[in-house]
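> just coords:
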Ligand code: SAM
């Protein structure tokens, strides 16, 4: 039976170059590597998982897919899952917080020198991740925002290079800000609603708090062209 991915992971898969040697960090069920291998889109994969339960389910799924010779499941923390000899060209890190993704990259920074592309899908704190990338010799070459099950997800395609983002680009994403898609507007409209509700509960006497929230509201309105 062919593996079917969530639309979120399908969107990630679309950015993986054909013939890649993939490390999927936090692979959980190993769905992404199995899907790509079944389609003949990648040559070799490591499914890295730090927690025993998800690691075991990844092992079971890879074994039942009959792909154990091409997908290795390794119990490891972050980038400790691969060695130079694995010749990994692409790393995916998806479905985790932006801070955790930055931390995983930071802890394995020295191992990233021979990697061609990172595809990152943070669940939150996207700005912190963009900031880490810019300070560590990486540039975003493409971004996508999508929605599934009433949640919004941002996907960043990253390669070695230079990038100098201003505060707005860090927050909203340089390409997403340019594109201003309907999904982008919907995400930030929702955020705007939360902030306006929060502001209505802050007493007039708390001027600093009100001013901080008002600035965030204004930045969002500008980003979605509604100021
Ligand atoms: N990547 C899959 C996806 O996007 O659907 C699974 C996402 S799941 C929410 C996050 C997974 O990352 C969990 O299975 C968790 O155990 C694993 N994880 C968290 N920190 C990790 C780390 N430092 N190294 C490897 N795996 C990690």
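It's in. Please read all numbers here as calculations on a predicted model, not as lab measurements. Residues are numbered from 1 along each chain as shown.
> please name the nearest non-neighbouring residue to the most centrally placed residue in the chain.
Taking CA atoms, centre = their mean as the criterion, residue 121 is the residue nearest the geometric centre of the chain, at 1.4 Å. In space, and not counting its chain neighbours, residue 121 is closest to residue 94: 3.9 Å by CB to CB, 6 or more residues apart in numbering. In this view, the C-beta of every residue, glycine as well, is placed from N, C-alpha and C.
> still on that earlier bit, the residue nearest to the centre of the chain is in what secondary structure piece?
Per DSSP states H and E, residue 121 falls inside strand 117-122.
> neighbouring contacts of that strand?
8, 12, 15-17, 20, 89-98, 101, 105, 112, 129, 138, 153-159 (CB atoms under 8 Å, 6 or more residues apart in numbering).
> which of those residues fall within strands?
20, 90-96, 138, 153-159 (DSSP state E).
> just the buried ones from those?
20, 90-96, 138, 153-158 (16 or more other CB atoms under 10 Å).
> and what about the closest residue to residue 102 other than its chain neighbours, helix, strand or coil?
Take residue 102 and drop its neighbours on the chain: the residue closest to it by CB to CB, 6+ apart is residue 132, 4.0 Å away. Here residue 132 is recorded as helix under DSSP: H, G, I helix; E, B strand; the rest coil.
> any idea how far residue 132 lies from the ligand?
Remark: distance between residue 132 and the ligand (CB to the nearest ligand atom, to the nearest Å) = 15 Å.
> quick check: that residue touching residue 105?
Yes - Residue 132 is in contact with residue 105 according to CB atoms under 8 Å; the separation is 6.6 Å.
> of those two, which one has the most company?
Comparing residue 132 with residue 105 by neighbour count (other CB atoms under 10 Å), the higher total belongs to residue 105, at 24 against 18.
> which residues touch the more buried one?
With contact set as CB under 8 Å, 6+ apart, residue 105 has these partners: 79, 93, 112, 118, 132-133, 136.
> which parts of the chain sit against the ligand?
By CB under 6 Å from any ligand atom, the residues of the chain that approach the ligand are 9, 25-28, 48-51, 54, 77-78, 94-96, 100, 104.
> can you do 5 Å?
Residues of the chain found near the ligand (CB under 5 Å from any ligand atom) are 26, 28, 50-51, 54, 77-78, 94-95.
> narrow these to those that are buried.
26, 28, 50, 54, 78, 94-95.
> which ones among those map onto helices?
Under the assignment DSSP state H, these contribute residue 54 to helices.
> given the strand holding residue 121, what are its sheet partners and their directions?
strand 90-96 (parallel), strand 151-160 (antiparallel) (DSSP bridges).
> in terms of helix, strand or coil, where does the residue of the chain most remote from its centre fall?
Within the chain, residue 205 marks the point farthest from the mean C-alpha position, 39.6 Å out by CA atoms, centre = their mean. Under three-state DSSP, the three-state class of residue 205 is coil.
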